[in-house]
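Novice: fold the stuff below for me.
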Amino acid sequence: MIANFANFANMKKLIINNLETLLQTLKEQANKSIFLLFTGSKDSSGKSWCPDCNTADPVIEQVINEQTYDSDDYLFITVFVGERDV
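Specialist: Next up is the predicted model:
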């Protein structure tokens, strides 16, 4: 399921929560340059169970927002990998 679709610095951004949707999207968008970010799922406060992901998120978002990409040629996909197994 695609949870969100937005435009950051002229780059389309998708958020995907499962493998089936990711594979389908990659096939459909094969003509684009695709950036993939695999990250831990977030809780209700917006924080991931993964401390490294929480550290990296603002840096990644800053880089995306500072770059200029042609929105027809580039796609950034965030893939939430699920909850942490304990």
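
Novice: which stretches of the chain form helices?
Specialist: Assigned by DSSP state H, the helices in the chain fall at 19-28, 51-66.

Novice: would you list the ones you listed in TSV and tack on mean neighbour count, distance to Leu36 and mean pLDDT?
Specialist: (C-beta placed from N, C-alpha, C; glycine too.) As requested, those are exported to TSV (neighbours: other Cβ atoms under 10 Å; distance: least, Cβ to Cβ, whole Å; pLDDT from 0 to 100):
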stretch	mean neighbour count	distance to Leu36	mean pLDDT
helix 19-28	13	8	95
helix 51-66	12	12	87
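
Novice: so which of the ones you listed is nearest Leu37?
Specialist: Proximity to Leu37 (Cβ to Cβ) singles out helix 51-66 among those, at 6.4 Å.

Novice: quick one: list the elements packing against the closest one.
Specialist: If contacts are counted by 3 or more Cβ pairs under 8 Å, 6 or more residues apart in numbering; DSSP states H and E, helix 51-66 sits against strand 2-8, strand 33-39.

Novice: partner strands of the last one, with direction?
Specialist: Each strand pairing with strand 33-39, determined using DSSP bridges, is listed with its direction: strand 74-80 (parallel).

Novice: contacts for the partner strand, please.
Specialist: By Cβ atoms under 8 Å, 6 or more residues apart in numbering, the residues outside strand 74-80 that reach it are 8, 11-17, 22, 25, 29, 32-42, 64.

Novice: no more questions from me, cheers.
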